[in-house]
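**Student:** coords below, sequence missing:
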């Protein structure tokens, strides 16, 4: 099953960034900057050289690697080194990046050339365009996939930081539980769509939001570590939203039947 293979391949690619970060933090500031620049330049080189690839699947695969290198160099190492150097608060610094995230999302929404499934469906509902959306061909999947990896992981981090911040929503807050329910359902639905994917390049690209959203659930359960089992706690709201998510997921699967992507 191509979708399942793509899912686990991306899961094994993500730790590359953590390995680089773990090695870099043991070095001096100069050593860390060297690792950051090396990883960043490697990501750029991969994106540039991808023009020689003829396979969409292979180009997308290398886009996943380039995206993880971008994330590791610019955020996990670069951003955190910057925060440490100027003695800034890590959580608040990430939350402030929302200033850049809002115009980025608006650009993706109004740019009709962006063919991301989420924004395509959003445009279908909101109808912001004057004319029908163009079906422009895409022939450079590696850079697009790399940027998709970076921005998807960035959005996931910003959302979770706001959710866990006690001064905003809090780990046990209503919005955090609602976020868990949303990720639980949407992640399950995305995984279902992923496992029926017929084309490997598409599966690689679809696995990016799938992995990030499912990992938000895993991360949230980890934050609730004081609970012996988050699904058995006498929390009516949590039990209710998880049950509703499961029912909605079951209904979607039954309704979809054998429909192809």
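**Tutor:** Received the coordinates, thanks. Worth saying up front: this structure is predicted, and the values here are computed from it rather than measured.
**Student:** can you map out the helices along this protein?
**Tutor:** For the chain, the helices defined by DSSP state H occupy 2-13, 15-24, 29-49, 56-71, 80-85, 90-96, 98-110, 117-126, 141-164, 174-195, 200-223, 236-256.
**Student:** Need those in JSON lines (columns: mean pLDDT and mean neighbour count).
**Tutor:** C-betas here are computed from N, CA, C, even on glycine. Below are the helices of the chain laid out as JSON lines (pLDDT from 0 to 100; neighbours: other Cβ atoms under 10 Å):
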{"stretch": "helix 2-13", "mean pLDDT": "87", "mean neighbour count": "18"}
{"stretch": "helix 15-24", "mean pLDDT": "85", "mean neighbour count": "16"}
{"stretch": "helix 29-49", "mean pLDDT": "93", "mean neighbour count": "16"}
{"stretch": "helix 56-71", "mean pLDDT": "93", "mean neighbour count": "24"}
{"stretch": "helix 80-85", "mean pLDDT": "86", "mean neighbour count": "14"}
{"stretch": "helix 90-96", "mean pLDDT": "89", "mean neighbour count": "15"}
{"stretch": "helix 98-110", "mean pLDDT": "89", "mean neighbour count": "12"}
{"stretch": "helix 117-126", "mean pLDDT": "84", "mean neighbour count": "12"}
{"stretch": "helix 141-164", "mean pLDDT": "92", "mean neighbour count": "20"}
{"stretch": "helix 174-195", "mean pLDDT": "88", "mean neighbour count": "19"}
{"stretch": "helix 200-223", "mean pLDDT": "90", "mean neighbour count": "20"}
{"stretch": "helix 236-256", "mean pLDDT": "59", "mean neighbour count": "13"}
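**Student:** Who are the contact partners of residue 215?
**Tutor:** The neighbours of residue 215, taking Cβ atoms under 8 Å, 6 or more residues apart in numbering as the test, are residue 156.
**Student:** now with 10 Å?
**Tutor:** For residue 215, the contacting residues are 11, 14, 153, 156, 160, 183, 187, by Cβ atoms under 10 Å, 6 or more residues apart in numbering.
**Student:** so how far is residue 191 from it?
**Tutor:** Note on residue 215: its distance to residue 191, by Cβ to Cβ, to the nearest Å, is 12 Å.
**Student:** now residue 156
**Tutor:** To residue 191, residue 156 is 16 Å away according to Cβ to Cβ.
**Student:** hang on, the earlier thing: now flag whichever of the contacts of residue 215 is closest to residue 81.
**Tutor:** residue 153 (17.8 Å; Cβ to Cβ).
**Student:** Nearest residue to that closest one in space, please, no chain neighbours.
**Tutor:** Ranked by Cβ to Cβ, 6 or more residues apart in numbering and with sequence neighbours excluded, the top spatial neighbour of residue 153 is residue 71, at 5.3 Å.
**Student:** my read: that neighbour touches residue 80, true?
**Tutor:** No: contact criterion Cβ atoms under 10 Å: residue 71 and residue 80 do not qualify, at 11.9 Å.
**Student:** Quickly list what's touching both of those two.
**Tutor:** Listed as contacting both residue 71 and residue 80 by Cβ under 10 Å, 6+ apart are residue 21.
**Student:** on that earlier part again, find residues that contact each of residue 215 and residue 191.
**Tutor:** The contact sets of residue 215 and residue 191 do not overlap (Cβ under 10 Å, 6+ apart).
**Student:** quick one on the thing from earlier: pull the most distant pair out of the contacts of residue 215.
**Tutor:** Farthest pair in the contacts of residue 215 (Cβ to Cβ) is 11 and 160. Separation: 18.1 Å.
**Student:** doesn't residue 204 make contact with residue 8?
**Tutor:** No: judged on Cβ under 10 Å, residue 8 makes no contact with residue 204 at a distance of 11.6 Å.
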